[in-house]
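Asks: 3D, please:
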Amino acid sequence: MKLKIRKLLQLLLSFCLTGLLAACVTRDLPRYVNYISLRPKYEQPTKENPIPKEAEIVVEYNIDPDGYFTPIVHNRTSNIMILDQTQSFFSNTDGKSISYFDSTVKTTSTTDISSQSKGVSVNLGSVANALGVGGVVGTLANGVNVGGSGTTGDAKTTTTYTADNPRVSVPPMGKAEMSKRYRIAKFEEASNDIRKILYGETAQNTSILGSDFVSQFSICISYSIDGGKTFDNIITDFYIDAYMNVPVKEKKFVKLVDETLHEMEQSKPNMYNAYSWILMFRGYRNDKYINYLNKLTTIWDYQ
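Replies: From the prediction side, this is the model:
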């Protein structure tokens, strides 16, 4: 009888430990997979059809896995090119346009404190005489000095002012980055959607697929090659053509990421052949992405 009870307890303990370990493991595994693909509106240059030599301006658009776009402007002329950031804009997928020029002056202050110690000496003899102390005590006091110290300090604050330049010059045959890089709103929306799902604010998953586009965004850059007398605009349009948030399937404490991806592949069979795409695996740890899989292709525009 005792042996049966002991075996039962061992079995129960083993079951509890297995469940605890499984719970720890699943916390390190993805819980949701997010997919976003994007493409430019215009045909991209190739080896067979490169950027024409007569193009005055070439803009190189790079995107990182968090959805931030960085425009790099190439000046293909022998003149100094002026970029007017007050007339250059990032028009986001949420319909909001943001200027590349920020008139806000940012300040950064640092304070250094230097201290200095000074010694103070008092002759006890003068104190004894002032108090009318005589005899041996007064005589001994005349030869004794008591040292002290005081501390004084100076605080110096250095303030650094940072401001955008309304206009930026690009040297002949040179290149320069725009002063800002903006995030595509759809990426922020994806983060918020998954966050809501994780915290139970919504129970439905998001899966939006489009033959043309789900949402559109664009970048407008204003430039001059005649010393600022006249300005032209180069406007590049981009499409988000697929957007999915799919929960990772779970079976007996095991997260089946491959089955989740298979489900996404069925919804969008050409998901890995998109021009640029990002897979984001989100888990439990502070609601952060665990990992990325992506094919991020540089997008070019010129005129």
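Asks: Helices of the stretch 151-300 of the chain, residue ranges please.
Replies: Applying DSSP state H, counting those that start in this stretch to the stretch 151-300 of the chain gives helices spanning 185-198, 257-267.
Asks: Ala176 pairs with what?
Replies: Legend: beta-bridge partners of Ala176 under DSSP bridges are Val73.
Asks: any idea how far it is from Glu259?
Replies: Noted for Ala176: a distance of 47 Å to Glu259, by C-beta to C-beta, to the nearest Å. C-beta: built from backbone N, CA, C; applies to glycine.
Asks: quick one: which of these two has more around it?
Replies: Set Ala176 next to Glu259 and count neighbours by other C-beta atoms under 10 Å: Ala176 wins out with 16 against 13.
Asks: Distance-wise, check the more buried one relative to Gly95.
Replies: Distance of Ala176 to Gly95, computed by C-beta to C-beta: 28 Å.
Asks: Lys249 now?
Replies: Distance, Lys249 to Gly95, using C-beta to C-beta: 35 Å.
Asks: I'd like the average pLDDT over stretch 223-233.
Replies: The pLDDT scores in stretch 223-233 average 95.
Asks: Tell me the pLDDT of Met173.
Replies: The confidence metric pLDDT takes the value 96 at Met173.
Asks: residue contacts, it?
Replies: For Met173, the contact set (C-beta atoms under 8 Å, 6 or more residues apart in numbering) comprises Asn75, Arg76, Thr77, Ser78.
Asks: Do a quick rundown of the strands in the stretch 51-200 of the chain.
Replies: 57-63, 68-75, 81-91, 97-99, 106-123, 145-162, 167-170, 175-177, 182-183 (DSSP state E, counting those that start in this stretch).
Asks: Which strands border the shortest one, and is each parallel or antiparallel?
Replies: According to DSSP bridges, strand 182-183 forms sheet pairs with strand 68-75 (antiparallel).
Asks: Where does the prediction get shaky in the chain?
Replies: The model of the chain has pLDDT under 70 over residues 1-29, 104-163, 190-214, 252-255, 283-290.
Asks: Try it again at 50.
Replies: Within the chain, the stretches with pLDDT under 50 are 2-3, 5-27, 120-122, 124-128, 130-131, 136-141, 144-146, 202-203, 286.
Asks: coming back round to it: which of Lys249 and Gly95 has more neighbours?
Replies: Lys249 (14 against 10).
Asks: dump the residue contacts of the more buried one.
Replies: Lys249 sits next to Lys255, Leu256, Glu259, Thr260, Glu263 when contact means C-beta under 8 Å, 6+ apart.
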